[in-house]
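A.B. asks: Here's my sequence, what's the structure:
(chains A and B)
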Amino acid sequence: MNQPAATTPAMKDIVALCKRRGFIFAASDIYGGLNGFWDYGPLGVELKNNLRDLWWKSMVTCPPIGPDGAPVEIVGLDSSIIQNPKAWEASGHVGGFSDPMVDDKETKLRYRADHLYVLVPKDGKGKWLALHQDAEAEDVAKRIKKEGGGKSSSDQYEKKQFTSIDKSDYANILGPDAKTPGTLTEPKQFNLMFHTFVGATAGDENKAYLRPETAQGIFLNFKNVLDSSRVRVPFGIAQIGKAFRNEVTPRNFIFRSREFEQMEMEWFCHPKEAKMWRDFWFTERQKFWRSIGLSSENIQMRDHDKDELSHYAKEGYGTADIEYRFPFTAPGYGELEGIAHRCDFDLTQHQKVSGTKLEYMDPVTSEKFMPHVIEPAAGLSRGVLALICEAYTIDASRPSGVYLNFHPSVAPIKAAILPLTAKEDHVPIATKLYLELREEFTVELDVKQNIGKRYARQDEIGTPYCFTIDNDTITDKTVTVRDRNSMAQERIHIDKVAEYLREKMKPSSQKAKLKAVG
RNA sequence: GCGGGUGUAGCUUAGUGGUAAAGCUCCAGCCUUCCAAGCUGGCUAUGAGGGUUCGAUUCCCUUCACCCGCUCCA
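C.D. replies: Model prediction:
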């Protein structure tokens, strides 16, 4: 509508603007940064808080109307980042997060150590052939023929797991794709969970983990919430918070970082209703992202293929992603939110490992069952990035050359109050208006420099409205409202400014407005 | 983790084995009655650590960060 694909902005320009205007900085910048960590500046934290609050409102304070016409029931939670390490063993993260990998120095290929096996010659002569577990019998035969030194059948070999082989024998092993033996490295442990130590002494017995997802804190508190807050299945528990993953390759600005924020809601329902609720949340979550300004053409829904599904979602109705077309993924898309049917995997696991009964007894039907879970899990940090990318609008016709077209509900600064000149009577009136508005809105008062420079600066940080006080204000109590996108001005009474802003902040009015603007 | 590339002020670019230059931004002031105008002044840089050298931003090594491509991605 407003942006042909040709104007897809360069990521480096977006990153530069984020730094220049104080949205996002490299963490520990003055020490040269740290790979995978980012800090949010004065405007970045406003933007992030806005998105966080809107999500909380859409989930906890004003949750959507359910299929039966009544609002669904969701309560909030803020669980600890560090939990008993057994929680992560039960959840499957300790095992799944540390797959040892083997590199081939010759081919630069990398394999999971537990996916490799080795054919060891029974006669002790010739190369040991490492092969991938998925290799077809036909390919294995070819490999033996080519590299076996006269051997013709796998019967002449003993099949061993790569992980069971002593490293002193590695020199004999020919990698699955290598030409010379001895190029495979020892398996390297990739610990994708950050670990730490609880207490003053650092030993294995007090090792603990920083959570890689907020979801588990919700499952751990399922019984506490049920017993204390009068909720009944179906209901949800929502949580926003930091999560940590020791990513092998952090990339693409804040898209994949090692410390990030999640907004997750676990919806507990009867197994028979899982499909219905999955579809319900899938629809609702799309509405959310659209309502805060992500355009339809940059958002895409995608069902996961069977082989992509995580350990907890192998059964059930699968996972679907809400994806956004980021500049670095275009023309492809990157994940913004996943809606997963986690079945009863987590509660069952925690019941098994903890020994605490987590089944639900329906008070009406007296049916006892383990609830199924539908999980809409969104990245707050990724959401912030999507909002910035969506807002970044190149416009050579205006002095800033670029402006941020934020939806007013997420804009870090909602309005700027500008006395037309720094002299005469404009400043006191502007100051009074500013002091009134800041009680309700995040606003800025800017007195310095000429009006054009001030408009330009507000454009670049995405402030949707500027209220300017001039000589007419003194005589008739009107101010001009300058619209960021159209640069058009209208005069309204100074007493109507708060009401004007309040109306513009509403997502629905903005939606209609975007349509009108085109 | 691998390969390639980049690193001088907030940004864009100069330049040199011997005092690091400019434009824009930013800040202060003047001037300004609506879109980065004009005038004056000011702050700020060789990513970090070593080595060679009388002297290194420049040459060499290491490291860090970012970008691109692989790899990975519950």
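A.B. asks: ok, now how distant is the residue nearest the centre of chain A from A:Asp134?
C.D. replies: To find the centre residue of chain A, average its C-alpha atoms and take the closest one (C-alpha atoms, centre = their mean): that gives A:Gly379, at 2.0 Å. Distance, A:Gly379 to A:Asp134, by C-beta to C-beta, to the nearest Å: 31 Å. Heads up, the C-betas are built off the backbone N, CA and C, glycines and all.
A.B. asks: Within range of RNA strand B, give me the residues from the stretch 401-518 of chain A.
C.D. replies: Taking C-beta under 7 Å from any atom of the strand as the contact definition, the stretch 401-518 of chain A meets RNA strand B at A:401, A:420-424, A:448-453, A:455-457, A:460, A:468, A:470-471, A:479-480, A:482, A:487-489.
A.B. asks: now with 6 Å?
C.D. replies: A:420-424, A:448, A:450-453, A:455-457, A:460, A:468, A:470-471, A:480, A:482, A:487, A:489 (C-beta under 6 Å from any atom of the strand).
A.B. asks: and A:Glu261, that one's in a strand?
C.D. replies: Yes - A:Glu261 sits within a strand when classified using DSSP: H, G, I helix; E, B strand; the rest coil.
A.B. asks: For it, name its beta-bridge partners.
C.D. replies: Taking DSSP bridges, one finds A:Lys242 as the beta-bridge partners of A:Glu261.
A.B. asks: and it, how many residues sit next to it?
C.D. replies: Other residues near A:Glu261 number 22, with proximity taken as other C-beta atoms under 10 Å.
A.B. asks: Now do the same contact list for it.
C.D. replies: With contacts defined as C-beta atoms under 8 Å, 6 or more residues apart in numbering, the neighbours of A:Glu261 are A:Lys48, A:Arg52, A:Ile240, A:Gly241, A:Lys242, A:Ala243, A:Gly379, A:Leu380, A:Ser381.
A.B. asks: Put the buried members of those residues into a PyMOL selection.
C.D. replies: Filtering the contacts of A:Glu261 down to the buried ones (16 or more other C-beta atoms under 10 Å) takes a single PyMOL command:
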select buried, chain A and resi 48+52+240+241+243+379+380+381
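A.B. asks: want to throw the contacts of A:Glu261 into JSON lines with distance to A:Tyr117 and pLDDT?
C.D. replies: Output for the contacts of A:Glu261, formatted as JSON lines (distance: C-beta to C-beta, whole Å; pLDDT from 0 to 100):
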{"residue": "A:Lys48", "distance to A:Tyr117": "47", "pLDDT": "95"}
{"residue": "A:Arg52", "distance to A:Tyr117": "48", "pLDDT": "96"}
{"residue": "A:Ile240", "distance to A:Tyr117": "44", "pLDDT": "97"}
{"residue": "A:Gly241", "distance to A:Tyr117": "41", "pLDDT": "95"}
{"residue": "A:Lys242", "distance to A:Tyr117": "40", "pLDDT": "94"}
{"residue": "A:Ala243", "distance to A:Tyr117": "35", "pLDDT": "93"}
{"residue": "A:Gly379", "distance to A:Tyr117": "37", "pLDDT": "94"}
{"residue": "A:Leu380", "distance to A:Tyr117": "42", "pLDDT": "95"}
{"residue": "A:Ser381", "distance to A:Tyr117": "40", "pLDDT": "93"}
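A.B. asks: out of the contacts of A:Glu261, who's nearest A:Asn35?
C.D. replies: When the contacts of A:Glu261 are compared for distance to A:Asn35 (C-beta to C-beta), A:Ser381 wins out at 15.6 Å.
A.B. asks: The closest one sits in which helix or strand?
C.D. replies: In the assignment (DSSP states H and E), A:Ser381 maps to helix A:380-391.
A.B. asks: CA atoms of that helix as CSV?
C.D. replies: In CSV, the C-alpha atoms belonging to helix A:380-391 read as follows (Å, rounded to 0.1, in the frame of the first residue of the first chain):
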residue,chain,number,x,y,z
LEU,A,380,8.7,-9.3,22.9
SER,A,381,12.1,-8.4,21.6
ARG,A,382,11.2,-9.7,18.2
GLY,A,383,8.0,-7.8,18.3
VAL,A,384,9.9,-4.6,19.0
LEU,A,385,12.1,-5.3,16.0
ALA,A,386,9.1,-6.0,13.8
LEU,A,387,7.4,-2.7,14.9
ILE,A,388,10.6,-0.8,14.1
CYS,A,389,11.0,-2.4,10.7
GLU,A,390,7.4,-1.9,9.9
ALA,A,391,7.6,1.8,11.0
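A.B. asks: What residues of the very next helix or strand once past it count as buried?
C.D. replies: Tracing the chain past helix A:380-391, the next element assigned as helix or strand by DSSP H and E is strand A:392-394. Neighbour-count burial for strand A:392-394, counted by 16+ other C-beta under 10 Å, picks out A:Tyr392, A:Thr393.
A.B. asks: just how off-centre is strand A:392-394 within its chain?
C.D. replies: Between the mean C-alpha point of strand A:392-394 and the mean C-alpha point of its chain there is a distance of 23 Å (C-alpha atoms, centre = their mean, to the nearest Å).
A.B. asks: Stretch A:168-180 too?
C.D. replies: On the basis of C-alpha atoms, centre = their mean, stretch A:168-180 is displaced by 40 Å from the centre of the chain it belongs to.
A.B. asks: what comes into contact with it?
C.D. replies: Contacts of stretch A:168-180 with the rest of the structure, by C-beta under 8 Å, 6+ apart, involve A:104, A:106-107, A:109, A:111, A:116, A:118, A:127-132, A:135, A:147, A:165, A:181-184, A:186.
A.B. asks: If we use 7 Å, what do you get?
C.D. replies: With contact meaning C-beta atoms under 7 Å, 6 or more residues apart in numbering, stretch A:168-180 is reached by A:104, A:106-107, A:109, A:111, A:118, A:127-132, A:147, A:181-184.
A.B. asks: Among the residues you listed, which ones are in helices?
C.D. replies: Secondary structure defined by DSSP state H assigns A:Glu147 of those to helices.
A.B. asks: Give me the buried entries from the contacts of stretch A:168-180.
C.D. replies: Listed as buried from the contacts of stretch A:168-180 are A:104, A:106, A:111, A:118, A:127-131, A:147, A:181-184; burial here means 16+ other C-beta under 10 Å.
A.B. asks: Output those in JSON lines, with pLDDT and distance to RNA strand B appended to each entry.
C.D. replies: Supplementary listing: those in JSON lines, determined by pLDDT from 0 to 100; distance: C-beta to the nearest atom of the strand, whole Å:
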{"residue": "A:Asp104", "pLDDT": "73", "distance to RNA strand B": "10"}
{"residue": "A:Glu106", "pLDDT": "67", "distance to RNA strand B": "10"}
{"residue": "A:Tyr111", "pLDDT": "74", "distance to RNA strand B": "8"}
{"residue": "A:Val118", "pLDDT": "86", "distance to RNA strand B": "19"}
{"residue": "A:Lys127", "pLDDT": "85", "distance to RNA strand B": "24"}
{"residue": "A:Trp128", "pLDDT": "86", "distance to RNA strand B": "23"}
{"residue": "A:Leu129", "pLDDT": "86", "distance to RNA strand B": "20"}
{"residue": "A:Ala130", "pLDDT": "85", "distance to RNA strand B": "16"}
{"residue": "A:Leu131", "pLDDT": "83", "distance to RNA strand B": "16"}
{"residue": "A:Glu147", "pLDDT": "81", "distance to RNA strand B": "23"}
{"residue": "A:Pro181", "pLDDT": "78", "distance to RNA strand B": "20"}
{"residue": "A:Gly182", "pLDDT": "76", "distance to RNA strand B": "17"}
{"residue": "A:Thr183", "pLDDT": "76", "distance to RNA strand B": "12"}
{"residue": "A:Leu184", "pLDDT": "77", "distance to RNA strand B": "13"}
